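> Got a predicted structure here, sequence first:
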Amino acid sequence: MTRTIFVVALFACTFCSAAFAQGQPDPIPAPPPAWTTKGLAALNLTQVSLTNWSAGGESTVGFDAMLNYSADYKRGRNIWNNRLELAYGMTRTDLNGTRKTNDKIYFASGYGYEISKSIYLSFDLSFLTQFDEGFDYKVSPDIYISKFMAPAYLALGPGLKWIPNKYFTVNLSPASWRGTFVLNDMLSDLGAFGVKPGKHLLSEFGANLKAEVKCDLKDTGIEALKNFSLYSRLELYSNYLDEMQNVDVRWDVLLNMKINNWFSTNLTTNLVYDNDVKIAQKDGSAGPRVQFKEVLGVGITVNF
């Protein structure tokens, strides 16, 4: 009798559990994370040692360090994109001593609210300066021509952002303020970077256009490019208050080729044209010139 009651009770519990499970709705899938983060840290080293070398040359040692980090938020109609770029490099030779080869601090942050498909009302901010003193070694290795916060560039303003896909972004700010800071008395007295002599700020009001491309080239389907990633940023600025036809240009490109989990090759290029920055020439004249920098390195890279 006891065994019969036990079997009946077990059958009833099993039946009720199955019925209850069938009556429950499917679990609601968890929403995608609001934050997406991505980082890259790289350290490239170079070293040449010569002893009684008949072909000539000079011993040298150097490094170039880079950190890029992005943190992007998306939830509903709201987006918030943040990007930090840090770079610093030095080289030392027996003849010239230690010299800086790379130096950058860049931060950008932008908020957007979607008003139609792929179109956002936006407010963007960007900041650019450097860590250390900079020298024109062709003129003098002892007199600096730039320092931390001299110059520093701060730009901000409302606008419209177009994001047609995950690879491409364009932001147009037709009412953007840009400040050029020269917080060093010697450089300020010289009127460096467009400020009036003795002043520490050049204030501009104009239109700013920024276009960004970021993608892993493996998405193209081309086998030879599967280990490549690309980031490119083009910024154009026109000052309404002075010589509006002169457009300042800054174009930065980072191309990364992954060798394995620890090593990769990095190529960075920077092209700059700023009408307020006067570049001295050998004949004694000075004026705006196209500036270009390229850094190619092979070293340790960590993606996170």
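The structure has been received and is ready for your questions. Numbering: from 1, shown residues only.

> my guess is Asp219 is in a helix, correct?
Yes. Membership of Asp219 in a helix is supported by DSSP: H, G, I helix; E, B strand; the rest coil.

> quick one: the residue nearest to it when sequence neighbours are not counted and Tyr113, what's the gap?
Leaving aside its chain neighbours, Asp219 sits nearest to Tyr167 (7.9 Å; criterion: Cβ to Cβ, 6 or more residues apart in numbering). Placement of C-beta: from N, CA and C, glycine included. Separation of Tyr167 from Tyr113 (Cβ to Cβ, to the nearest Å): 22 Å.

> now do Glu133
42 Å.

> now do Ser126
Applying Cβ to Cβ to Ser126 and Tyr113 gives a distance of 19 Å.

> Same check on Trp262?
From Trp262 to Tyr113 the distance is 41 Å (Cβ to Cβ).

> Please identify which of these two sits among more neighbours.
Tyr113 (13 against 10; other Cβ atoms under 10 Å).

> Wait, a helix at the more buried one?
No. Per three-state DSSP, Tyr113 lies outside any helix segment and is strand.

> That one: what's it in contact with?
Tyr113 is in contact with Arg77, Asn78, Ile79, Tyr120, Leu121, Ser122, counting by Cβ atoms under 8 Å, 6 or more residues apart in numbering.

> what does Lys226 give?
Leu217, Lys218.

> Just read off the phi/psi values of it.
Main-chain torsions, Lys226, degrees, to the nearest 10: phi -70, psi -20.

> pLDDT wise, what is it at?
Predicted confidence (pLDDT) for Lys226: 84.

> Would you mind measuring from the nearest residue to Lys218 once chain neighbours are set aside to Thr301?
The shortest distance from Lys218 to any non-neighbouring residue, by Cβ to Cβ, 6+ apart, is to Lys226 (4.1 Å). Distance of Lys226 to Thr301, given as Cβ to Cβ: 16 Å.

> With Ser122 instead?
Applying Cβ to Cβ to Ser122 and Thr301 gives a distance of 32 Å.

> circling back: so which of the contacts of Tyr113 comes closest to Val277?
The closest of these to Val277 turns out to be Ser122 (Cβ to Cβ; 27.8 Å).

> can I assume Ser238 is in contact with Met244?
Yes. With contact defined as Cβ atoms under 8 Å, Ser238 reaches Met244; the gap is 5.5 Å.

> From the contacts of Tyr113, pick the one nearest Val290.
Ser122 (29.4 Å).

> shaky segments in the stretch 101-250 of the chain?
Scanning the stretch 101-250 of the chain for pLDDT under 70 picks out no residues.

> Going by residue numbers, what spans are strands in it?
Using DSSP state E, counting those that start in this stretch, the strands of the stretch 101-250 of the chain run over 119-129, 134-135, 144-146, 152-162, 168-181, 201-216, 228-239, 247-258.

> mind putting the ones you listed in JSON lines, mean neighbour count included?
Formatted as JSON lines, these follow (neighbours: other Cβ atoms under 10 Å):
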{"stretch": "strand 119-129", "mean neighbour count": "18"}
{"stretch": "strand 134-135", "mean neighbour count": "16"}
{"stretch": "strand 144-146", "mean neighbour count": "18"}
{"stretch": "strand 152-162", "mean neighbour count": "18"}
{"stretch": "strand 168-181", "mean neighbour count": "18"}
{"stretch": "strand 201-216", "mean neighbour count": "17"}
{"stretch": "strand 228-239", "mean neighbour count": "19"}
{"stretch": "strand 247-258", "mean neighbour count": "18"}
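
> okay if I get those as TSV plus distance to Thr60?
Below are these laid out as TSV (distance: least, Cβ to Cβ, whole Å):
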stretch	distance to Thr60
strand 119-129	28
strand 134-135	18
strand 144-146	23
strand 152-162	31
strand 168-181	34
strand 201-216	34
strand 228-239	29
strand 247-258	24
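
> These: which one's closest to Asn275?
Per Cβ to Cβ, nearest to Asn275 of the strands of the stretch 101-250 of the chain: strand 247-258, 6.2 Å.

> next one: that closest one to chain centre, how far?
9 Å (Cα atoms, centre = their mean, to the nearest Å).

> which strands and helices sit next to that strand?
Judged by 3 or more Cβ pairs under 8 Å, 6 or more residues apart in numbering; DSSP states H and E, strand 247-258 is in contact with strand 228-239, strand 263-273.

> would you turn those into JSON lines with distance to Gly284?
Formatted as JSON lines, the helices and strands packed on strand 247-258 follow (distance: least, Cβ to Cβ, whole Å):
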{"stretch": "strand 228-239", "distance to Gly284": "27"}
{"stretch": "strand 263-273", "distance to Gly284": "22"}
